[in-house]
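Trainee: okay, predicted coordinates and the sequence, questions at the end:
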Amino acid sequence: MTETALHDRGDSGGVYEAGIEEAPLRNCFAILVDNEPGVLARVVGMISGRGYNIDSLTVDAVDPAENLSRITIVTTGAPIVVEQIKAQLGRLIPVRRVVNLTVQGRLIEGCLAYIKFIGNFDQRDAAKLIARKLGARIVDTTDNTIIFELTTDTGKIDQMIAELGPLGQIEIARTGSVALGCGAEVLSVLPRSVT
């Protein structure tokens, strides 16, 4: 089984208290939780209350029959800190299952961004070239604005924002990361594989 066991290391686990010398690594967690009021607040409170930072967070209902939501959290920390986050998440009552997709193996991860660009005719043409190069599509236009939609990795979204910014005024709305592990392993309440 590729999922690491949930366990307690016995220390408080704050990233600032740990005295960790290992290089921090980016990790993507998939968490199945009961879909009920206050669950997201408990998960976020546990992480932030211990001094961990959340780089990205998304949540949505994924199994109405089982009343489950899936939370995707991206955080950065040394391996010991990341293991503490996983263990402490696993102890929360509404949490049904926690998987560190980064440790589990290959994963597909992406984000969605809407970027409104405001500029004159020449600036909008330059913005369209950048958008075409990065695979964005136009979803709305007016006399002086274009709204682009880009679904890709965070690096390309950051690149598009960086390239459009000097050309004109921009407004950004973006989701956090969503991710799925590759292969036959399925994140469910009880671990099982698809055959």
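Mentor: Arrived safely.
Trainee: how about the contacts made by the nearest residue to residue 113 once chain neighbours are set aside?
Mentor: Here the nearest residue to residue 113 in space, its sequence neighbours aside, is residue 174; by Cβ to Cβ, 6 or more residues apart in numbering that works out to 3.9 Å. Glycine gets a C-beta too; all of them are placed from N, C-alpha and C. Residue 174 makes contacts with 111, 112, 113, 114, 157, as judged by Cβ atoms under 8 Å, 6 or more residues apart in numbering.
Trainee: what about the last one, neighbour count?
Mentor: Residue 157: 22 surrounding residues under other Cβ atoms under 10 Å.
Trainee: please name the bridge partners of the spatially closest residue to it that is not a sequence neighbour.
Mentor: In space, not counting the residues next to it along the chain, residue 157 is nearest to residue 113; the distance is 4.6 Å by Cβ to Cβ, 6+ apart. On DSSP bridges, the residues paired with residue 113 through beta bridges are residue 150, residue 174.
Trainee: now the helix or strand harbouring residue 70: mean pLDDT?
Mentor: For residue 70, the element it lies in under DSSP states H and E is strand 68-77. The average pLDDT for strand 68-77 rounds to 93.
Trainee: break the protein down into its domains, please.
Mentor: The domain map for the chain lists 1-105, 108-178, with the assignment taken from automatic domain parsing.
Trainee: what is the end-to-end distance of the shortest one?
Mentor: This points to domain 108-178. Domain 108-178 stretches 8 Å from its first residue to its last (Cα to Cα, to the nearest Å).
Trainee: quick one: pLDDT of residue 129?
Mentor: Taken from the predicted model, the pLDDT recorded for residue 129 is 97.
Trainee: surely it is within a helix?
Mentor: Yes: if the criterion is DSSP: H, G, I helix; E, B strand; the rest coil, then residue 129 is within a helix.
Trainee: what about it, how many residues nearby?
Mentor: Other residues within reach of residue 129 by the criterion other Cβ under 10 Å amount to 10.
Trainee: distance of it from residue 51?
Mentor: Using Cβ to Cβ, to the nearest Å, one obtains 43 Å as the distance from residue 129 to residue 51.
Trainee: let me see the ranges of the helices in the protein.
Mentor: Taking DSSP state H as the criterion, the chain carries its helices at 39-49, 79-91, 101-104, 121-134, 154-164.
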